[in-house]
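Chemist: sequence and predicted structure below; questions after.
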Amino acid sequence: MSYFNVFPCDKNLEVLSHNLKEKYGYQHTKVLQKPVDADYEPLPWFTYPAIEYLAQLDLSSKTIFEWGSGNSSLFLARRCKQITSIESNKEWYEYCNQKLLPNQKILFREELEFVEAIDESPSKFDLIIIDSLRRGECAKKAIKHLNSGGLIILDNSDWHPNTSAFLKDSCNLLEVDMHGFGPINDYSWTTSLFFHRDFNFFSRENKQPTISKAGIEQISKHDYIQ
């Protein structure tokens, strides 16, 4: 019997569409043109695999620096110790500045001062996000301000192969590419995570991985270690 007779293609697509729209909140993001989840809570504008990985990490003791600001800032501020975001769009900066949480700071910097803004901090950061202007230059700054055991995230890394190569090869970071769909866009892209070799983040739960948004919650009968 054909696979397609057992699982009609149109039914598969219907279930797939439902999972994406309802469980991941993709329908909300298309209507609002903002990255949100199924409960309208803010999400980073990363691929869904990258978002789900970040969501399972315990960031409560971590400090974060972010080139760019928006829903990612809110998502992370609810989870981390402190986050500093740099924004170059004055209108967007003023909008985001109205929604700050106590552990959140957003700084406005013109493009010429944008990259160097991280130098204003006397301390290094556990997590650095590169998701705005001049990403190659930001990467060179990021590695100098990353704590041992930390993590750098480069969004749209498939469009920035030279920046990715620099972080992986020149900086000796471990690259993990999270390909997939994400909020708003109707195409897939890549959010890459660059881990320090002594990466020291822990999971929020007592197990990892957690069940994904559209996953099947079950334990295999073969899941045992002798």
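Modeler: Received the coordinates, thanks. Residues are numbered from 1 along each chain as shown.

Chemist: gap between residue 202 and residue 61?
Modeler: Here residue 202 is placed at a distance of 9 Å from residue 61 (C-beta to C-beta, to the nearest Å). Where C-beta positions appear, they are placed from N, C-alpha and C, glycine not excepted.

Chemist: got the contact list for residue 26?
Modeler: Listed by C-beta atoms under 8 Å, 6 or more residues apart in numbering, the contact partners of residue 26 are 20, 181, 183.

Chemist: for residue 39, see how far away it is.
Modeler: In this structure, residue 26 and residue 39 are 13 Å apart, going by C-beta to C-beta.

Chemist: and if you look at residue 65?
Modeler: Summarising the geometry, the distance separating residue 65 from residue 39, computed by C-beta to C-beta, is 28 Å.

Chemist: can you point out the buried residues in stretch 176-186?
Modeler: If you call a residue buried by 16 or more other C-beta atoms under 10 Å, then stretch 176-186 has these buried ones: 177, 178, 180, 181, 182, 183, 184.

Chemist: before we move on, back to that, pick out whichever of residue 65 and residue 39 has more residues nearby.
Modeler: When neighbours are counted by other C-beta atoms under 10 Å, residue 65 and residue 39 differ, and residue 65 comes out ahead with 26 against 7.

Chemist: now what about the helix or strand harbouring that one, what contacts it?
Modeler: Per DSSP states H and E, residue 65 falls inside strand 63-67. Among residues not part of strand 63-67, those counted as contacts by C-beta under 8 Å, 6+ apart are 72-73, 76, 80-86, 114-115, 117-118, 121, 123, 125-133, 135, 138, 142, 145, 147.

Chemist: quick one: strands adjacent to that strand?
Modeler: In the sheet containing strand 63-67, the strands it pairs with under DSSP bridges are strand 82-87 (parallel), strand 125-130 (parallel).

Chemist: what's the following helix or strand after the first one?
Modeler: Moving toward the C-terminus from strand 82-87, the first helix or strand encountered (DSSP H and E) is helix 90-96.

Chemist: quick one: the strands in the protein, in order.
Modeler: Counting by DSSP state E, the chain forms strands over residues 57-58, 63-67, 82-87, 104-108, 125-130, 146-155, 174-180, 189-195, 202-203, given from the N-terminal end onward.

Chemist: for these, please prepare TSV with the additional fields distance to residue 216 and mean pLDDT.
Modeler: Putting those into TSV (distance: least, C-beta to C-beta, whole Å; pLDDT from 0 to 100) gives the following:
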stretch	distance to residue 216	mean pLDDT
strand 57-58	23	98
strand 63-67	32	99
strand 82-87	34	98
strand 104-108	36	96
strand 125-130	30	99
strand 146-155	28	99
strand 174-180	18	99
strand 189-195	24	99
strand 202-203	20	96
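
Chemist: can you put these in a markdown table and add distance to residue 32?
Modeler: Output for those, formatted as a markdown table (distance: least, C-beta to C-beta, whole Å):
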| stretch | distance to residue 32 |
| --- | --- |
| strand 57-58 | 26 |
| strand 63-67 | 21 |
| strand 82-87 | 20 |
| strand 104-108 | 21 |
| strand 125-130 | 22 |
| strand 146-155 | 20 |
| strand 174-180 | 20 |
| strand 189-195 | 19 |
| strand 202-203 | 30 |
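
Chemist: among those strands, which is nearest residue 46?
Modeler: For those, distance to residue 46 was read as C-beta to C-beta. The smallest value, 4.2 Å, belongs to strand 189-195.

Chemist: who does the closest one touch, helix- and strand-wise?
Modeler: Counting by 3 or more C-beta pairs under 8 Å, 6 or more residues apart in numbering; DSSP states H and E, the packing neighbours recorded for strand 189-195 are helix 48-55, strand 146-155, strand 174-180.
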